[in-house]
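A.B. asks: Test case, fold it:
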Amino acid sequence: MKVTLFDFQKDALHQLRDKLAAARNFASSDHPQAIAFSAPTGSGKTIIMTALFEAILDEPDDQLEWPTSRSPGRPKDDLAPSGGGSVVASLNNIEDVPPSETGSSRELVVLKRRAGMEDVFAALSELVTYRVNAARAQSHLRRFMAIARHLTLDEIDDDAWDGAKGQIVEWMAAQITAMKSAGTLEAAAQTITHVGLRTLAVEHGTGVAEPETDYRIEASSLDIDRLFEEAGRVFGNGSHMTYWQANADRDALDVKVEVIVLSRQPSAMAALESAAEQAFDALYDTHKKAIAQIKEHRRVQYEKLRLATAKPVEVPWHLPESIDFKRLPTDPHWDRHLYVESDGQFRAGLGTWEAGVLKEELAKPEVIGWLRNLDRKPWSLEIPYETGGEIRPMFPDLIIVRKDRDHFMVDILEPHRPDLADNFEKAIGLARFAERHGALFGRIQLIRLHAVAAGAHFLRLEINRAATIRALLRIGSNAQLDDLFLEMGTVA
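C.D. replies: Numbering: from 1, shown residues only. A predicted model of the protein is given here:
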């Protein structure tokens, strides 16, 4: 439905966006910005309130405090109306949104965990997955400060926030000291604290201008303050103010100039970003068990921060209590699926290759469960691979769970047609995944149907072996992958 706004509603929307943009330019953890706005009645009110929440949710570093909040500094995800419940949490809770599948009521079903599989799901929660392009990349300084703040507000680590502030101040001080020792700070500071001027003499009648003299004047304090605020937006989270406050016993102008110079030095900023990246990873690894235990809408915030990097990173694989699924009532039944309908059955229309590989697996007595790994679901097992200079996700079709004495082995099986252009690139992606995380899994196999005189059979390339990984990382075409299948492929 198209909604037409009246002029006064359009004006209110533009004013709100302008206020939000201005507030974001100057807001930090130490310098909160207050926004007053009015929401007109009618359909325009919904649009304007939507714009407000979109702006709030756009930046995971933002904080919002309603004037009626009892405790200051509450994170935006904890906003709750007086009647109880969490407003933003309900918007973010992926388990409470309508089914993402479309179809008739006879086709759409909700699958729940199969009874008696508690130990299996516990084992699966120890595995990792990737989320390619799931979050906008942020600077590591912002990520580090944000996770520290979340850990403190979620009462996981009371000292994390203050510790992160102190750590960043130490890093900034170390880089500034290094610039002083190298003699580069003073020269750079002069370009900030002084402005160069040149006078020209214009000869009357001829219009010829000739330079007479050059001289420098001191920049005004307002100019320094403006540049200081610009530097603050480079660091984020009010780190420029934290450094300034930590050096309160020194000349305020000198401290501000140091921050400005530091923000303009690419090598120094790269060093800060590198240190923040390592600190983020250390903080996340220390508390990832505790993070896994908190509520879904809060845990998602940590995953977004974890994923907000230019290169894909692994996150714990969390399988929900229930999933939405689309199938036909006439689709065949398959035994031992990890999720089942209310009648305890699982129905699915599998592709010819999927069905053939699955039949081979279910014939093995040690196989106690399996998962059809659908594409692009919040719960899917996702593996990155590179194609055409871009990082893309792949979703292996089958996850197999085997019982091996007193523990479980989880296998990744990907039946994949050899004529597809991305075949060798996906094989390399699986090899890199196995190189990093192979110890967590059993078999990691790329599978294709191989026709011979005696008949067709499935040929499996076991990737979770050092020799196969080395061989795959050297190939550059589908033809080379074909040769590798013939050389190293096996039949189940």
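A.B. asks: residue ranges with poor pLDDT in this protein?
C.D. replies: Counting by pLDDT under 70, the chain contains low-confidence ranges at 1-105, 195-217, 453-454.
A.B. asks: Spell out for me which residue occupies the centre of it.
C.D. replies: Centroid-nearest residue in the chain, with C-alpha atoms, centre = their mean: L307, separated by 2.2 Å.
A.B. asks: Just confirm it contacts Q301, I think it does.
C.D. replies: No. Contact criterion C-beta atoms under 8 Å: L307 and Q301 do not qualify, at 11.0 Å. Bear in mind the C-beta positions are built from the backbone N, C-alpha and C, glycine included.
A.B. asks: nearest residue to D404 other than its sequence neighbours?
C.D. replies: E366 (6.8 Å; C-beta to C-beta, 6 or more residues apart in numbering).
A.B. asks: That neighbour: what's it in contact with?
C.D. replies: If you count contacts by C-beta atoms under 8 Å, 6 or more residues apart in numbering, E366 has them with 402-404.
A.B. asks: give me phi/psi at it?
C.D. replies: phi -80, psi -10 (degrees, to the nearest 10).
A.B. asks: can you check the one 4 residues further on too?
C.D. replies: In this entry, W370 is assigned phi and psi values of phi -160, psi 160 (degrees, to the nearest 10).
A.B. asks: The contacts of E366 in strands, which ones?
C.D. replies: In this view, these that belong to strands under DSSP state E are 402-404.
A.B. asks: Write a ChimeraX command that selects only the buried members of those residues.
C.D. replies: In ChimeraX syntax, the buried subset of the ones in strands among the contacts of E366 is picked out as below (16 or more other C-beta atoms under 10 Å):
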select :402
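A.B. asks: Please identify which of the ones in strands among the contacts of E366 is nearest to E354.
C.D. replies: R402 (18.2 Å; C-beta to C-beta).
A.B. asks: In TSV, list the ones in strands among the contacts of E366 along with distance to F121.
C.D. replies: TSV is the format used below for these (distance: C-beta to C-beta, whole Å):
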residue	distance to F121
R402	15
K403	14
D404	17
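A.B. asks: Go through the ones in strands among the contacts of E366 and name the one nearest A471.
C.D. replies: Looking across the ones in strands among the contacts of E366 and measuring by C-beta to C-beta, the closest to A471 is R402, at 25.4 Å.
A.B. asks: hang on, that closest one packs against V367?
C.D. replies: Yes. R402 is within contact range of V367, at 5.4 Å (criterion: C-beta under 8 Å).
A.B. asks: Would you map the strands across the stretch 301-450 of the chain?
C.D. replies: 314-316, 322-326, 339-340, 367-372, 383-387, 390-394, 398-404, 407-415, 444-452 (DSSP state E, counting those that start in this stretch).
A.B. asks: just checking, what packs against the last one?
C.D. replies: In other words, strand 444-452. For strand 444-452, the packing partners by 3 or more C-beta pairs under 8 Å, 6 or more residues apart in numbering; DSSP states H and E come out as helix 352-362, strand 407-415, helix 423-437, strand 455-462.
A.B. asks: which stretch among those comes nearest K288?
C.D. replies: Of all the helices and strands packed on strand 444-452, helix 423-437 comes closest under C-beta to C-beta, at 14.9 Å.
A.B. asks: Just the C-alpha atoms of that closest one, please, in CSV.
C.D. replies: Output in CSV follows, covering the C-alpha atoms of helix 423-437 (Å, rounded to 0.1, in the frame of the first residue of the first chain):
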residue,chain,number,x,y,z
ASN,A,423,33.2,-26.3,-8.7
PHE,A,424,37.0,-25.9,-8.1
GLU,A,425,36.5,-22.7,-6.2
LYS,A,426,34.1,-24.3,-3.8
ALA,A,427,36.5,-27.2,-3.4
ILE,A,428,39.3,-24.7,-2.4
GLY,A,429,36.9,-23.1,0.0
LEU,A,430,36.2,-26.5,1.6
ALA,A,431,39.9,-27.1,1.8
ARG,A,432,40.6,-23.9,3.6
PHE,A,433,37.8,-24.6,6.0
ALA,A,434,39.2,-28.1,6.7
GLU,A,435,42.7,-26.6,7.1
ARG,A,436,41.3,-24.3,9.9
HIS,A,437,38.6,-26.3,11.5
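A.B. asks: what angle do it and strand 383-387 make?
C.D. replies: Going by axes from the mean of the first three to the mean of the last three C-alpha atoms, to 10 degrees, helix 423-437 is angled at 140 degrees with respect to strand 383-387.
A.B. asks: how's the protein carved up into domains?
C.D. replies: Listed by automatic domain parsing, the domain ranges of the chain are 7-58, 109-132+315-491, 140-289.
A.B. asks: To E296, which of the ones you listed lies closest?
C.D. replies: domain 109-132+315-491 (8.4 Å).
A.B. asks: Please name every helix or strand in contact with the longest helix seen in the chain.
C.D. replies: In the chain, assigned by DSSP state H, the helix with the most residues is helix 266-293. In this structure, helix 266-293 packs against helix 140-153, helix 160-182, helix 252-263, helix 296-307, with contacts taken as 3+ C-beta pairs under 8 Å, 6+ apart.
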